[in-house]
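> Got a sequence here, can you build the structure:
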Amino acid sequence: VQLQASGGGLVQPGGSLRLTCATSGVTPDHYATGWFRQAPGKEREGVSCITNDDGMIFYADSVKGRLTISRDNAKNTVYLQMNSLKPEDTAAYYCKASAPLKPIYWGQGTQVTVSS
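The predicted structure follows:
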């Protein structure tokens, strides 16, 4: 099982990025998949997730209206479209896959830096 996160980078405030989490050995529609982030000196926090069975989507209050999670089951990929980025969005972003009675899988982080 492998989760490969990519798409991070340096962007100015108000800019956009799209993060990609490519999965292998895990089919996104069989697992709840989501994005977490961790800024220096802070705990890892949940950003958004999409459930496996009914595709319900959840967002942290701090990102509602600016970030959009989606998945492409045919490509085994989960995306996080990030718009109207703010400096406080700066963090390492991690994707995660989980399912009842299954191990929890994490991808490596991809760094997002929002700065002028």
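> Next, P87: phi, psi?
phi -50, psi -30 (degrees, to the nearest 10).
> Kindly apply the preceding question to A32 instead.
Dihedral angles (degrees, to the nearest 10) for A32: phi -70, psi 130.
> Would you mind measuring from it to A97?
7 Å (C-beta to C-beta, to the nearest Å). Quick note: C-beta positions are derived from backbone N, CA and C, even for glycine.
> Please identify which of the two sits among more neighbours.
A97 (26 against 21; other C-beta atoms under 10 Å).
> which neighbours does the helix or strand hosting the more buried one have in its sheet, and in what orientation?
Assigned by DSSP states H and E, A97 belongs to strand 91-98. Next to strand 91-98 in the sheet, as set by DSSP bridges, lie strand 32-38 (antiparallel), strand 105-106 (antiparallel), strand 110-114 (antiparallel).
> Would you tell me which of the ones you listed gets closest to V11?
strand 110-114 (5.7 Å; C-beta to C-beta).
> which parts of the closest one are buried?
Judged by neighbour count using 16 or more other C-beta atoms under 10 Å, the buried positions of strand 110-114 are 110, 112, 114.
> who touches the residue lying closest to the second one once chain neighbours are set aside in this structure?
Sequence neighbours aside, G8 is the residue nearest to V112 in space, at 4.6 Å (criterion: C-beta to C-beta, 6 or more residues apart in numbering). Contacts of G8 were listed using C-beta atoms under 8 Å, 6 or more residues apart in numbering, and they are 17, 19, 92-93, 109-113.
> got those residues as JSON lines, with pLDDT and distance to D53 columns?
JSON lines is the format used below for the contacts of G8 (pLDDT from 0 to 100; distance: C-beta to C-beta, whole Å):
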{"residue": "L17", "pLDDT": "98", "distance to D53": "29"}
{"residue": "L19", "pLDDT": "98", "distance to D53": "23"}
{"residue": "A92", "pLDDT": "98", "distance to D53": "29"}
{"residue": "Y93", "pLDDT": "98", "distance to D53": "25"}
{"residue": "G109", "pLDDT": "93", "distance to D53": "27"}
{"residue": "T110", "pLDDT": "97", "distance to D53": "27"}
{"residue": "Q111", "pLDDT": "98", "distance to D53": "32"}
{"residue": "V112", "pLDDT": "98", "distance to D53": "29"}
{"residue": "T113", "pLDDT": "98", "distance to D53": "35"}
